[in-house]
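Participant: dropping a prediction and its sequence here:
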Amino acid sequence: MNPYNYLYVAGLLFTIGAIGVVIRRNAIVVFMCVELMLNAANLTLVTFARINGTLDGQVVAFFTMVVAACEVVVGLAIIVTIYRSRRSASVDDASLLKR
Amino acid sequence: MVTSTSLVYLIALPLFGAAILLLAGRRSDKWGHLLATALSAGSFGVGLYQLSQMLSRPTAERAITQKLFSWIAVGTFKVDAGLLLDQLSICFVLLITGVGTLIHIYSISYMSHDENRRRFFAYLNLFIAAMLLLVLGNSYLNLYVGWEGVGLASYLLIGFWNQKPAYATASKKAFVMNRVGDMGLSFAIMISFATLGTVSFAGVQAASHTASKAALTAIGIMLLVAATGKSAQFPLQAWLGDAMAGPTPVSALIHAATMVTAGVYLIVRSNFIFDAAPTAQLLVVIVGAITLMFGALVGTAKDDIKKALAASTMSQIGYMILGAGLGPAGYAFAIMHLLTHGFFKAGMFLGAGSVMHGMNDQVDMRRYGALRKFMPITFATFGLGYLAIIGVPPFAGFYSKDAIIETAFNAGGVKGILLGSTALLGAAITAFYMTRVMVLTFTSKERWEDDQHPHESPLLMWIPMAILAIGSVTTGFLFTRGHALVHWLTPVVGERAEGGKVLLQPAVVSGLALVAVIIGVAIAVSKYQLGKVDSVAPQNVSVFTRIARKDLMQDSFNEAVFMKPGQALTALLVKGDDKVIDGAVRGIAATALGTGSTLRRTQTGFARSYAAFILIGAIVLIAAIWVVTQ
Amino acid sequence: MNALTTMMLLPLIGSILVAVIPSDQVLRIKQAALGTTLLVAISGILAWVKFDSSNTALQFVESAKWIPSFGINYAVGVDGLAIVLILMSVLLAPIVVLAGWNESEGGRWSPKVFYILILVLETMMIGVFAATDVFLFYVFFEAMLIPVYFLIGGFGTGERAAAAVKFLLYSLFGGLLMLASIIGLYVISGANGGHTFDITRLSELHMHMSSMTQNLLFLGFFIAFAIKAPLWPLHTWLPDAAAASTPGTSVLLLGVLDKVGTFGMIRFCLALFPDASKTFTPLIIVLAVISIIYGAFLAIGARDIKRLIAYTSISHFGFITLGIFAMTSQGMSGATLYMFNHGFSTAALFLVAGWMQSRRGSSTIADFGGLQRVTPVMAWTFFIAGMSSLALPGLSSFVSEFLVLVGTYTRYPVAAVIATFGIVLAALYILIPVQKALHGPTTPGNENLSDLNLREKIAIAPVIAIIVALGFYPSPLLNVINPASAHVLEVQGFTDPVPSESAGK
């Protein structure tokens, strides 16, 4: 099978994720879209590892997965805390950063 | 040239006095005036000693010098702190210290009620020291130090009662107008160094033989500017009338006898420049002629006795400048008139001070009258000075002023006739306004205010007046006996050219002058002695009187031409500095700030808009890379 | 140990000493600061005595490797110009400390910080005049801004924060331009015999530069110095900074720091870029003359006494720059002497103005009046300082101002003539405040002002003494300055114009 097809899939996934981050308001969904983009990147890395016949890409992908896992833990905790204090999981409500 | 080690004491004594009195402060209140007077007298003593030494030497060795130390030496610009005493400067030394000491004595009594008498004497000593430096310096730069030094002393003394704002303004005006003149002296020194390579009198004199006429004319004109400032000559004359704000002894010493004559000294000292620069010399006589008429006209309208005398001073110095501008023929007569004027004008100012002393400091002559009976000594001394200034033989002014008028007539051509007639007309006007002063003050009817009780001044005041009066009577005769002063000064100012065409014989000139004087006196007597004098100046007078009362509009002119535009320019620059230059700086700062706050608007705080920016940025970046790598 | 290094280390040690004294022992801190500055002043006088004025080479030379990979050295040494300016700096420091005994209190921080800043600043003042490595000079030049920034912003009055920022940004702007030029020099030196920042070697580089390069590098240096000096139209930071500083800071700012600008023009602009200097001389002469007249007019129009003094300084710096670029021995020596004299006459003016302000609580001229009768000694010191500022003969400034004018006239008569009008304006800008503040009737609120106390008299006495003494006898300084300025001109290839009508011609 042509490995380049994986790249197309990864591109599709990344686009879906990016669009989701920009247009969705719900923090959980945004978060999932971020994960989607990370996984798209992972998929590319693994694909290139396969194309080039080296292990570098796979190693980096593992790093990414570990970092993503940590990020999920911290990110979800923040979202839950925000939800608790404001009764809303909309990212637009949390726009106090500019002050 | 003979060197000496004792010249410096002439200056050091009064300078020491000034320093002691100023540094010791109130502690020296008790004895300060005595010390100052003693030191001034000491300086006079040194002057007499120097004169006796000078007389004992042959004519060629009479000038002596003293080098104190090397003052400024940079490259070829070398100026020593050096002194030069020759036949010309000894005249000034004796006048300054002699009249100065008399005025010190007078002031002991005159200022006895002033709580700051010590400070007054400190300033007087400072003035004597600076004036001596002016006449003793052996280069233009040393002269410049004394020149500004007397300006400073004059500033301090005019503003001695500076708690009165008008007096403070008068002192500032005097200093600033003097500085305009000083600028001329600066220019003269700069030109002299740039063209002749030296600024010492001896060096410039030696170089003047080979120098071009253009350079010498430039130096001469600049020296004339300096002289007009210091000697209150046209067009820098406006400060002298206001300078009468100072105590009367100051007016006598500084603004009549010595400092204001420094311009005449400068021109006579620079005779080698003016003799070689006819254009500059012509300007000198023009300035002198204008000022002698200017002062005389102003003098006819003044009711303030001191201002009338000040106008007369201006006019008399005009005669001296005129004389000095006539070249070797006139230098000695200018100096002679300067010396006789020093006696009679100082004496008259002291007399005016004596009158004020007896009349509760009243200066308005319309409030005087008939004081002859109450102040006989003042009347007598003032009267002798009066006879001297209007030129009645055999008093001093007759000899010195007639000599100048005669020299003016014989200057040749139309110029001579014009100058001679101006000087003659001036003599008539002088007789008129001085008779007016005399009549209004001493002989006409009483016009006093109620609480005035005129009385004669104390001994310490009238003795100096008496001595000066004796000088007013005798000096003219002494100076002219066997052409004494002319011969004395010849080594400095050069030989008079003999055998020129003589337009009018001396006797004719004297006759004409006497007629002029008689006319002037007669008009004044008929108008003021026989006519009625108002105790308040009448307002319904002719336009000429009004202009004369306003000093021929000199202040209005200066105000309109220099002060107002200057103030406008200052205001404009202050505003421009703030709005334009600093405005540009602030503009740059504001632009940076504005850019920042515009860009800040993109920071909405919405996480999704940040994400969108990142996305767009990434796409642009990828596109850019793609374009570049294609 | 090297005299210059010792002089630079002493204030640093003093500042450490001050730092370890507990903050509440204010008197002890002040005494330590005064003692240190006095010690430095004595070592400065000793160095000046030891200085051999007949030798035109750099003296008290010391060099040590600092950052060898860039060819940067700690290199110091002085010629006759630098030693005079160092002498001025170290003499002014104890006077400033003594005169402003109480001005450290009431600032944003404790007095301790004030004296640490002053002492650190003194090290840098000496260093900036002594540095013979261009990079070292740059470091001192920029580092000096930091203590001054905090001195203005932390201890000043009025709009001190804004003034401090304005001062800092102005100076940084110039400094960065200079940095660019320094890097340019470094690069060029690499192509011509190895990378270096040594001033002696850099001064031979101009032969390898195109005139365009030389002009650009010159401008980088010159703009930095013209801001520092300050020259019209880069002057607007000075009045704000001077008005907002404490008097002592103003003295150091105008008296010493600004001299770095004019000193740098001689040391760097002329030495490194002789051809560019010639190219720009007409422009600089014009700017200098404008500064003289412009500063004087603004001083006449000033309402605040401290701003007035700042504007007079702009006029005086115009004279100094004019003297430098006239390229005659009189102009050059006069300008250097002027730097020294200006330090003292401005110091006297600022210190007395500061005392007036602290007594009256205002620095507006119109608030004073009749001080001569209330506080005669204070009025006299102000008057003498003012007379020195207007260059009265017999006081020190006259000698230097006249030398500048004479020196300029021989080469640029028109510029000298216009500049001479400045002396009439000087009479106005000094006598107007004298009349308003010292003369006239005593205005309400001034009746009970106290006259100078003993400490203040002791602080101002040496300043007045120097002003008077140098007016009559400037030779001690001129003898040191003359060979050095002659050397500068010789290197530049200038000889004094010959008198146009001299007998030999």
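Facilitator: Right, received. Where do you want to start?
Participant: quick one: low-confidence parts of chain A?
Facilitator: By pLDDT under 70, the low-scoring segments of chain A are A:95-99.
Participant: just the helices in it please.
Facilitator: A:4-23, A:27-52, A:56-86 (DSSP state H).
Participant: likewise for the stretch 351-500 of chain B?
Facilitator: B:376-390, B:396-409, B:413-438, B:459-480, B:484-493 (DSSP state H, counting those that start in this stretch).
Participant: okay, those helices in JSON lines with mean neighbour count and distance to B:L326 next?
Facilitator: C-beta: built from backbone N, CA, C; applies to glycine. Output for the helices of the stretch 351-500 of chain B, formatted as JSON lines (neighbours: other CB atoms under 10 Å in any protein chain shown; distance: least, CB to CB, whole Å):
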{"stretch": "helix B:376-390", "mean neighbour count": "24", "distance to B:L326": "21"}
{"stretch": "helix B:396-409", "mean neighbour count": "27", "distance to B:L326": "5"}
{"stretch": "helix B:413-438", "mean neighbour count": "21", "distance to B:L326": "8"}
{"stretch": "helix B:459-480", "mean neighbour count": "21", "distance to B:L326": "17"}
{"stretch": "helix B:484-493", "mean neighbour count": "19", "distance to B:L326": "11"}
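Participant: got those helices as JSON lines, with distance to chain A and mean pLDDT columns?
Facilitator: Below are the helices of the stretch 351-500 of chain B laid out as JSON lines (distance: least, CB to the nearest CB, whole Å; pLDDT from 0 to 100):
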{"stretch": "helix B:376-390", "distance to chain A": "90", "mean pLDDT": "89"}
{"stretch": "helix B:396-409", "distance to chain A": "91", "mean pLDDT": "87"}
{"stretch": "helix B:413-438", "distance to chain A": "86", "mean pLDDT": "89"}
{"stretch": "helix B:459-480", "distance to chain A": "86", "mean pLDDT": "87"}
{"stretch": "helix B:484-493", "distance to chain A": "90", "mean pLDDT": "84"}
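Participant: out of the helices of chain A, deepest packed?
Facilitator: Stretch with highest mean neighbour count among the helices of chain A: helix A:27-52 (a mean of 18; mean count of other CB atoms under 10 Å in any protein chain shown).
Participant: anything in that helix near chain B?
Facilitator: Yes - with CB under 8 Å from any CB of the partner chain as the criterion, chain B is reached by helix A:27-52 at A:V30.
Participant: what helices and strands are in contact with that helix?
Facilitator: Packed against helix A:27-52, as judged by 3 or more CB pairs under 8 Å, 6 or more residues apart in numbering or on different chains; DSSP states H and E, are the following elements: helix A:4-23, helix A:56-86.
Participant: tell me the angle the last one makes with helix A:27-52.
Facilitator: Angular relation of helix A:56-86 and helix A:27-52 on a 0 to 180 degree scale: 180 degrees, by axes from the mean of the first three to the mean of the last three CA atoms, to 10 degrees.
Participant: repeat that for the shortest one.
Facilitator: Using the same axes, to 10 degrees, one finds that helix A:4-23 and helix A:27-52 are set 160 degrees apart in direction.
Participant: show me what contacts whichever residue of the stretch 1-150 of chain C sits closest to chain B?
Facilitator: Nearest residue of the stretch 1-150 of chain C to chain B: C:G80, at 12.5 Å (CB to the nearest CB). Contacts for C:G80 (CB atoms under 8 Å, 6 or more residues apart in numbering or on different chains) come out as C:F51, C:S53, C:T56, C:V480, C:I481, C:N482, C:P483, C:A484, C:S485.
Participant: what's the answer for C:F350, then?
Facilitator: C:A242, C:P247, C:S250, C:V251, C:L254, C:G255, C:K306, C:I309.
Participant: still on that earlier bit, now the helices of chain A in CSV, with distance to B:W161?
Facilitator: Listed next are the helices of chain A as CSV, based on distance: least, CB to CB, whole Å:
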stretch, distance to B:W161
helix A:4-23, 86
helix A:27-52, 87
helix A:56-86, 81
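Participant: relative to C:V404, which of the ones you listed is closest?
Facilitator: Smallest distance to C:V404 across those (CB to CB): 70.1 Å, for helix A:4-23.
Participant: residue contacts, C:R411?
Facilitator: C:A326, C:M327, C:T328, C:G331, C:P497.
Participant: what about the last one, neighbour count?
Facilitator: Residue crowding around C:P497 was assessed by other CB atoms under 10 Å in any protein chain shown; the count is 15.
Participant: how about it: what's its closest non-neighbour residue?
Facilitator: Spatial nearest neighbour of C:P497, excluding adjacent residues (CB to CB, 6 or more residues apart in numbering or on different chains): C:T410 at 4.5 Å.
Participant: go on, the third one?
Facilitator: Residue nearest to C:T328 in three dimensions, not counting chain neighbours: C:G407, with 4.1 Å by CB to CB, 6+ apart.
Participant: likewise the fourth one?
Facilitator: Leaving aside its sequence neighbours, C:G331 sits nearest to C:G407 (CB to CB, 6+ apart; 3.0 Å).
Participant: repeat that for C:E447.
Facilitator: C:V374 (6.5 Å).
Participant: how close does the one you found sit to chain B?
Facilitator: 11 Å (CB to the nearest CB, to the nearest Å).
Participant: ok, B:G295 - contacts?
Facilitator: Neighbours of B:G295 in contact, by CB under 8 Å, 6+ apart: B:Q237, B:A311, B:S312, B:T313, B:M314, B:S315, B:Q316, B:I317, B:G318.
Participant: how far away is it from B:A403?
Facilitator: Distance, B:G295 to B:A403, using CB to CB, to the nearest Å: 19 Å.
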